[in-house]
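1. after the sequence you'll find the predicted model.
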Amino acid sequence: MKKLVTISGLLVFLAVLHISLGDLFLQPLFAQGAGGEESFSILDNIIDNLVRFYAFTGFANITWGNFIMIIVGLIFIYLAVKYDYEPLLLVPIGTGILIGNVPFVPGYQIGVYEDGSVLNYLYFGVRYGVYPPLIFLGIGAMTDFSSLISNPRLMLLGAAAQIGVFGTFIGALYLGFSLKEAGAIGIIGGADGPTAIFISSKLAPNYIGSIAIAAYSYMALVPVIQPPLMRLFTNSKERVIRMKPPRAVSQREKILFPIIGLLLTTFISPSALPLLGMLFFGNILKESGVTGRLAETARTKMIDIVTILLGLTVGASTQADVFLTKESVMIFGLGAFSFAVATSGGILFAKFMNLFLKGDEKINPLIGNSGVSAVPDSARVSQMIGLQYDSSNHLLMHAMAPNVSGVIGSAVAAGILLSFLG
């Protein structure tokens, strides 16, 4: 380690010396003074070049905002590595935050907001909503809708969770955001990062970074935020309800569902076509049985590449001078509120449905949390909490039904908001 530090220091010194001497030897070794006397100027030139070099370093341009955001980026990476919280999202986003907050002198096509920079070109996919539909294509290619097909009533839990979207929309209006900005902020309640980015690119491009970071942050914190709410709104008897096993679903049903779902949801909400069209297209690739290579590419290589680009550029968009504002803090607060409301809405609606159900038709309210579209983490939380109260009661397959319907529900909600506010 000491050798590495010594070598690094030597390389930096040689680089500085090269820059200084490069300009130095293009000038005469001696300069003519005002009184006709020659004055030795080598030392002055070295100092001037060193000062100029330092002025372009991050050390000379760093602000407290950069420092704060770098700490945030390190926390994201720590949560991903230490606790395995959505590492595929938090590692790229955390690294992007570090990259976006390395201080630099403007005008050299470096930052994500500077025209012509590499980061600016990559950010195009976020700014114009290109990446989210591609993410939805990959999600569709990896999603099994069998649990939803076998028990369609569970779709209502995904719909109920969307109360967080519209509740936050009202809250954002109350805090002074415009109608379009409030609509974009509200989607955070669905815990759907791609949808949040898509709608904010259309309605509130100035807040894409804040909305995206808030949405992905709460997606990653699903295992932290949801369990206390699940325990709060359920009792010991409800937590051990056993649901009857899902019935077997035929291949015909699996292929018909995305086709019918595509037509039905997009006819209801045409503005959501870029998201829902790609979601169901990906599922058709998966279930058709004849496009295995395409489905495999969509759910592996393609979604991985897009996730890297999306996470890195969203993180880089958090430049302190643009990101650290009062509005960003309010968006984060509204995001926490919306996520809590969405989670609670799904749980409470499951309890409401049980008033009309009997025997093994009853629903374990612990799966109500998975109505938010954080796939599959919120369904895993349902499974984890359920096993704590009954080690033989597996809720994962049941929870996947409201989980995937939450993805559809948040996209439909986004389309409705776009229709009215776009």
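-> Received, thanks. Residues are numbered from 1 along each chain as shown.
2. can you give me the strands in this structure?
-> All strands of the chain, identified by DSSP state E, fall at 30-32, 38-40.
3. lowest average pLDDT across those?
-> Here the lowest mean pLDDT among these goes to strand 30-32, at a mean of 45.
4. give me the most central residue, the chain.
-> Relative to the mean C-alpha position of the chain, the nearest C-alpha, by CA atoms, centre = their mean, is the one of Tyr216, at 3.2 Å.
5. and the closest residue in space to that one that isn't next to it in sequence, how many neighbours?
-> Of all residues not flanking Tyr216 in the chain, Gly193 sits nearest, at 4.5 Å (CB to CB, 6 or more residues apart in numbering). All C-beta atoms are positioned from the backbone trio N, CA, C, and that covers glycine. By the criterion of other CB atoms under 10 Å, Gly193 has 31 neighbours.
6. assess the claim that Gly193 and Leu88 are in contact.
-> No. In this structure Gly193 lies outside contact range of Leu88 using CB atoms under 8 Å: 11.4 Å.
7. how far does the longest helix anywhere in the chain sit from the chain's center?
-> Using DSSP state H, we find that the single longest helix of the chain is helix 326-354. Remark: helix 326-354 is offset 17 Å from the chain centroid, using CA atoms, centre = their mean, to the nearest Å.
8. quick revisit: roughly how far apart are the residue nearest to Tyr216 and Phe53?
-> As judged by CB to CB, to the nearest Å, Gly193 and Phe53 stand 40 Å apart.
9. ok, Pro274 next?
-> 47 Å.
10. the two - which one has more neighbours?
-> Per other CB under 10 Å, whichever of Pro274 and Phe53 has more neighbours is Pro274, with 21 against 14.
11. was I right to think that one contacts Phe198?
-> Yes. With contact defined as CB under 8 Å, Pro274 counts as touching Phe198 (7.1 Å).
12. shared neighbours of the two, anything?
-> Residues touching both Pro274 and Phe198 (CB atoms under 8 Å, 6 or more residues apart in numbering) are 129, 132-133.
13. show me what the longest helix of the chain is packed up against.
-> Identification of packing neighbours for helix 326-354 by 3 or more CB pairs under 8 Å, 6 or more residues apart in numbering; DSSP states H and E yields helix 155-160, helix 163-174, helix 179-186, helix 208-220, helix 222-232.
14. please repeat the previous calculation with a cut-off of 6 Å.
-> With contacts taken as 3 or more CB pairs under 6 Å, 6 or more residues apart in numbering; DSSP states H and E, helix 326-354 sits against helix 155-160, helix 163-174, helix 208-220, helix 222-232.
15. list the buried residues for the third one?
-> Residues of helix 208-220 classed as buried: 208-220 (neighbour count, 16 or more other CB atoms under 10 Å).
16. tell me, how many residues neighbour the nearest residue to Ser117 once chain neighbours are set aside?
-> Excluding its sequence neighbours, the residue lying closest to Ser117 (CB to CB, 6+ apart) is Gln109, at 4.3 Å. By other CB under 10 Å, 12 other residues sit near Gln109.
17. residue ranges with poor pLDDT in the stretch 1-150 of the chain?
-> Scanning the stretch 1-150 of the chain for pLDDT under 70 picks out 1-40.
18. at 80 what do you get?
-> The stretch 1-150 of the chain contains residues with pLDDT under 80 at 1-44.
19. could you do the stretch 151-300 of the chain as well?
-> Flagging of the stretch 151-300 of the chain using pLDDT under 80 yields the residue ranges 189-192.
20. how close does the residue lying closest to Ile188 once chain neighbours are set aside sit to Ala196?
-> Leaving aside its sequence neighbours, Ile188 sits nearest to Gly335 (CB to CB, 6+ apart; 4.1 Å). Applying CB to CB, the value for Gly335 to Ala196 is 9 Å.
21. show me the common contact partners of these two, please.
-> Residues touching both Gly335 and Ala196 (CB atoms under 6 Å, 6 or more residues apart in numbering): Ile188.
22. comparing the two, which residue is more hemmed in?
-> Ranked by neighbour count (other CB under 10 Å), Gly335 and Ala196 place Ala196 first, with 30 against 26.
23. and that one, what is it in contact with?
-> Ala196 makes contacts with 187-188, 211, 215, as judged by CB under 6 Å, 6+ apart.
24. give me that answer again for 7 Å
-> 187-188, 211-212, 215 (CB atoms under 7 Å, 6 or more residues apart in numbering).
25. swap in Val105?
-> With contacts taken as CB under 7 Å, 6+ apart, Val105 has the following neighbours: 56, 61.
26. Val290 and Gln251: what is the separation?
-> 12 Å.
27. how about Glu181?
-> Distance from Glu181 to Gln251, by CB to CB: 45 Å.
28. now Leu276
-> Separation of Leu276 from Gln251 (CB to CB): 22 Å.
29. among those two, which residue is more densely surrounded?
-> Per other CB under 10 Å, whichever of Leu276 and Gln251 has more neighbours is Leu276, with 28 against 10.
30. if we can go back for a sec, highest neighbour count among the shared contacts of Pro274 and Phe198?
-> In terms of neighbours by other CB under 10 Å, the shared contacts of Pro274 and Phe198 top out with Pro132 at 28 neighbours.
31. pretty sure it contacts Ser201?
-> No. Taking contacts as CB atoms under 7 Å, Pro132 lies outside contact range of Ser201: 8.1 Å.
32. rewinding a little: give the buried residues for the longest helix of the chain.
-> So helix 326-354, judged by 16+ other CB under 10 Å, has buried residues 327-328, 330-332, 334-350, 353-354.
33. and what of stretch 48-64?
-> Under 16+ other CB under 10 Å, the buried positions of stretch 48-64 are Asn49.
34. what about it, start to end distance?
-> Here the two ends of stretch 48-64 are set 27 Å apart, with distance taken as CA to CA, to the nearest Å.
35. does Gly335 touch Ile213 like I think?
-> No. Using CB under 7 Å, Gly335 is not in contact with Ile213; the gap is 9.1 Å.
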